[in-house]
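A.B. asks: structure for this input, please:
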Amino acid sequence: MPFTLDGCNIIVEVEIGGKKYYFIIDSGCSSTSMDYDIAKSVSKVKAGSFLFLLPLKTAKIPSIKVGNLLFNNEKVVVFKKDKWNWPEQVTGLLGCDFLQKVSVTIDYEKDSVYLNMPGFIPDNYDGIIPLLTTKKAPLEPNFNVKINGVDGIMLFDMGNQFPDIFISTLFQKSNKSIFDSVQIKEGYPWKIKRGLELQLDSLLFSDVTAYLLTEQDEPYETAGNIGCNLFMRLKSLTIDYSNEKLYYELKALETPPKR
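C.D. replies: Take a look at the predicted model:
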């Protein structure tokens with residue numbers, strides 16, 4: 001099925017209650033989420049918990065159609081769209097609970113998303129990166145990484161647009177020498193570090209831009225997160241979350257690593 005890009009966010013069409021809406025594929029969000037008005041139109045909305053001090057509600061949606069696949073009785077998180085900084089046409093997120101049920105291939109050259117059964121192996125790929133989870137975020141996929149040669153773990157966050165990566169205060173404090181020289185961009189709450197190297201297993205990204213999180217930001221138990229912007233350097237990627245694998249295909253001019 002085709003997708004559209006807002007920045008680097010992957011936006012796909014879904015069908016709920018016979019109506020079409022647009023959701024972002026977000027591997028950094030543990031639960032599929034949607035606007036209150038959509039959920040209320042097809043289900044009873046119940047009180048939930050809190051996220052970033054915002055009250056959340058939940059609902060069980062009778063059916064959600066994504067491409068040719070139909071998902072029944074899906075529990076979702078519900079909140080008012082105006083509380084979140086989404087593109088105007090977007091009314092929800094397909095989170096990790098969605099990714100667990102399918103294998104998702106994102107082809108950046110063809111602007112298409114392909115949904116397959118878990119365990120699907122693409123015909124063409126240049127490498128495989130293992131996915132892992134952490135105690136605080138058992139549903140959200142992470143990578144073992146090296147940042148300028150230093151080991152760490154980073155959240156795989158397809159819903160996060162800019163910059164290439166966020167660096168946690170925990171990683172900054174443990175590796176101060178990496179961040180001796182930083183830039184401050186007016187209007188941004190974070191310092192910026194450019195020209196980093198980020199290695200994910202056999203895949204090496206150079207000239208990576210990072211925002212350095214502060215003590216006031218959400219605390220990370222890891223080195224931070226990797227946003228969708230970085231993965232647009234690839235030709236395609238396939239997320240097989242249930243088998244903890246990410247297959248990637250390089251663009252034609254890239255030299256594939258040895259397998």
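A.B. asks: how about residue 158, phi and psi?
C.D. replies: Its backbone dihedrals place residue 158 at phi -70, psi -10, with angles given as degrees, to the nearest 10.
A.B. asks: sketch out the low-pLDDT regions of this protein for me.
C.D. replies: Applying pLDDT under 70 to the chain flags residues 48-55, 83, 186-187, 216-220, 253-259.
A.B. asks: how near is the residue most central in space within it to residue 110?
C.D. replies: If you average the C-alpha coordinates of the chain and look for the closest C-alpha using Cα atoms, centre = their mean, you land on residue 158, 2.1 Å from that point. The gap separating residue 158 from residue 110 is 18 Å, by Cβ to Cβ, to the nearest Å. Backbone N, C-alpha and C define where each C-beta goes, glycine included.
A.B. asks: now residue 215
C.D. replies: Counting by Cβ to Cβ, the gap from residue 215 to residue 110 is 43 Å.
A.B. asks: compare the two (neighbour count), which wins?
C.D. replies: Neighbour totals were compared for residue 215 and residue 110, and residue 110 leads with 12 against 6 (other Cβ atoms under 10 Å).
A.B. asks: can you classify the more buried one as helix, strand or coil?
C.D. replies: Using DSSP: H, G, I helix; E, B strand; the rest coil, the three-state assignment for residue 110 comes out as coil.
A.B. asks: could you list every residue that touches it?
C.D. replies: Residue 110 is in contact with no residue at all, counting by Cβ atoms under 8 Å, 6 or more residues apart in numbering.
A.B. asks: roughly how far is the helix or strand containing residue 58 from the heart of the chain?
C.D. replies: Remark: residue 58 resides in strand 54-66, with elements defined by DSSP states H and E. On the basis of Cα atoms, centre = their mean, to the nearest Å, the separation between the geometric centre of strand 54-66 and that of its chain is 19 Å.
A.B. asks: next secondary structure after it?
C.D. replies: In N-to-C order, the element after strand 54-66 by DSSP H and E is strand 69-79.
A.B. asks: please parse this structure into its domains.
C.D. replies: By the record's domain assignment, the chain is partitioned as 4-101, 127-249 (automatic domain parsing).
A.B. asks: let's have these in JSON lines, adding distance to residue 119.
C.D. replies: Written out in JSON lines, the entries for the domains of the chain read as follows (distance: least, Cβ to Cβ, whole Å):
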{"stretch": "domain 4-101", "distance to residue 119": "12"}
{"stretch": "domain 127-249", "distance to residue 119": "6"}
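A.B. asks: looking at those, spot the one closest to residue 120.
C.D. replies: For these, proximity to residue 120 was assessed by Cβ to Cβ; domain 127-249 is nearest, at 6.4 Å.
A.B. asks: end-to-end on that closest one?
C.D. replies: Taking Cα to Cα, to the nearest Å as the measure, domain 127-249 stretches 7 Å from start to finish.
A.B. asks: hmm, back to that, and the strand holding residue 58, which residues are buried?
C.D. replies: Buried residues in strand 54-66, counting neighbours by 16 or more other Cβ atoms under 10 Å, are found at 56-59, 61, 64, 66.
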